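1. Here is my input; please provide its structure:
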Amino acid sequence: MAHTHTASRVEGNQQRLMATLAVTVTVFIIEVVAAFITDSLALLTDAGHMLTDVSVLVASTITAILMRRKPNSTRTWGWARLEVITAACGALVLLFVGIYALFEAGMRLFGDSETAISDVRLLLFVGILGLVANIVSITILSSQRGDNMNMKAAFLEVMNDALGSVAVVASALVMLTTGWGKFDAIAGGIIALMMIPRAIKLLHNAVRVLLEETPQGLDLDEVRKHLESVPRVVAVHDLHASTVSTGLPILMAHVVVENGLTMEDGAAILKQLQDCLREHFPVSVPHTTFQLEPEGYDSPSAGEMHR
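-> Now for the predicted structure:
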């Protein structure tokens with residue numbers, strides 16, 4: 001029953017992500033076309049922002065689909081790392097668009113040329129359409145945003161893009177009421193300023209995973225103390241922790257134990273070590289690999305890669 005429930009939940013996540021992706025891609029295409037028609041920087045920047053949403057949703061959808069596939073001898077972790085690579089690429093695109101939009105906003109605000117918006121009403125219509133689409137996507141994802149980090153990331157992407165749509169609508173309303181065309185550049189700059197820090201954070205998080213850094217919230221010094229406090233454990237060395245993909249931290253260690261232990265003793269120690277990593281730290285690590293070594297064993301890897 002538990003397996004059936006999990007499978008149906010994964011399938012439900014996949015369907016919600018695909019529905020959100022369909023809505024987002026449709027609005028993205030409309031925004032790009034309208035941005036070129038109206039020459040609106042705010043709308044073009046929001047379209048770039050939405051392009052990142054599309055990449056994240058594609059990664060999330062692919063991850064949800066591939067999560068249903070079992071690893072094989074070639075891909076022992078399946079396709080889990082694809083999510084991280086796609087997130088890094090999306091962050092680079094978002095950073096490029098944000099920097100370009102910020103530069104273009106400055107040129108339009110302080111440059112000599114006056115860039116007029118050709119159709120403010122079309123800008124307003126597309127901005128409202130984008131906002132409505134984001135609200136629809138938020139509604140689709142909200143019920144299962146807490147299922148895993150994958151769903152949460154997709155939900156936060158759409159929430160953030162909704163702010164960009166609000167800026168587009170505000171820009172169109174200001175220009176309709178005041179006739180000041182340069183407010184579009186201000187709105188584009190505001191959206192860019194929201195994009196750039198998020199792009200840097202996304203890229204930083206992706207690089208942390210790709211460099212196999214210790215998962216955030218997991219202190220290896222504390223982990224070592226807990227492991228060495230397990231009865232009949234003498235020392236711990238070659239302690240490594242990393243993240244395969246979102247929500248999949250792993251840990252491995254060589255554990256030196258007292259001599260003369262039986263197989264039953266070793267099994268009991270292993271259970272205590274595994275329970276420790278699952279329950280004692282802010283980051284639960286259910287996937288662990290421990291190599292038990294008798295006291296006095298000269299491990300050739302001791303001290304080579306880790307203290």
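2. Quick one: residues contacting Leu220.
-> Shown here is Leu220, whose contacts under the criterion Cβ atoms under 8 Å, 6 or more residues apart in numbering are Thr214, Leu239, Ala241. (C-beta placed from N, C-alpha, C; glycine too.)
3. Could you save those residues as TSV and add columns showing pLDDT and secondary structure?
-> Formatted as TSV, the contacts of Leu220 follow (pLDDT from 0 to 100; DSSP: H, G, I helix; E, B strand; the rest coil):
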residue	pLDDT	secondary structure
Thr214	93	coil
Leu239	94	strand
Ala241	95	strand
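4. Mind listing what's buried along stretch 241-261?
-> Within stretch 241-261, the residues scored as buried using 16 or more other Cβ atoms under 10 Å are 241-251, 253-257, 261.
5. How about the secondary structure of Val234?
-> With DSSP: H, G, I helix; E, B strand; the rest coil as the basis, Val234 sits in strand.
6. hmm, back to that, mind checking which of the buried residues of stretch 241-261 are in strands?
-> Ala241, Ser242, Thr243, Pro249, Ile250, Leu251, Ala253, His254, Val255, Val256, Val257 (DSSP state E).
7. Show me the two of these that sit farthest apart.
-> Spatially, the most separated pair among these is Thr243 and Val257, at 27.8 Å (Cβ to Cβ).
8. Including distance to Ile99, could the ones in strands among the buried residues of stretch 241-261 go into CSV?
-> Output for those, formatted as CSV (distance: Cβ to Cβ, whole Å):
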residue, distance to Ile99
Ala241, 34
Ser242, 31
Thr243, 28
Pro249, 33
Ile250, 35
Leu251, 38
Ala253, 43
His254, 46
Val255, 48
Val256, 52
Val257, 55
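9. ok, so of those, who is nearest Thr61?
-> Within these, proximity to Thr61 (Cβ to Cβ) peaks at Thr243, which comes in at 20.7 Å.
10. That closest one and Pro215 touch, don't they?
-> Yes: the pair Thr243 / Pro215 is scored as a contact, 5.0 Å apart, by Cβ atoms under 8 Å.
11. where do the contact lists of these two overlap?
-> Taking Cβ under 8 Å, 6+ apart as the criterion, Thr243 and Pro215 both touch Pro249.
12. Ile128 contacts Val169, doesn't it?
-> Yes: judged on Cβ under 8 Å, Ile128 makes contact with Val169 at a distance of 5.9 Å.
13. more crowded one of the two?
-> The residue with more neighbours, out of Ile128 and Val169, is Val169; 21 against 14, by other Cβ atoms under 10 Å.
14. And the pLDDT for the closest residue to that one other than its chain neighbours?
-> Taking Cβ to Cβ, 6 or more residues apart in numbering, and ignoring the residues beside it in sequence, Val169 has Gly127 as its nearest neighbour in space, at 4.1 Å. For Gly127, the model assigns a pLDDT of 86.
15. Likewise for Ser60?
-> In this prediction, Ser60 has a pLDDT value of 69.
16. ok, now Glu304?
-> 56.
17. likewise Gln274?
-> At Gln274, the model reports a pLDDT of 94.
18. isn't it right up against Ser284?
-> No: here Gln274 lies out of contact with Ser284, judged by Cβ under 8 Å, at a distance of 11.1 Å.
19. Compare neighbour counts for these two and give me the winner.
-> Legend: neighbour count by other Cβ under 10 Å for Gln274 and Ser284, higher for Gln274 (17 against 13).
20. does that one count as helix, strand or coil?
-> Following three-state DSSP, we place Gln274 in the helix state.
21. State the mean pLDDT of the host helix or strand of Val169.
-> Assigned by DSSP states H and E, Val169 belongs to helix 149-178. Averaged across helix 149-178, the pLDDT comes to 76.
22. Packing partners of that helix?
-> Helices and strands touching helix 149-178, by 3 or more Cβ pairs under 8 Å, 6 or more residues apart in numbering; DSSP states H and E, are helix 2-38, helix 41-66, helix 120-142, helix 183-210.
23. and among these, the most buried is which?
-> Most buried of the helices and strands packed on helix 149-178 by mean neighbour count (mean count of other Cβ atoms under 10 Å) is helix 41-66; its value is a mean of 24.
24. roughly how far is that one from the heart of the chain?
-> Relative to its chain's centre, helix 41-66 lies at 12 Å (Cα atoms, centre = their mean, to the nearest Å).
25. can you check stretch 175-185 too?
-> Distance of stretch 175-185 from the chain centroid (Cα atoms, centre = their mean) equals 35 Å.
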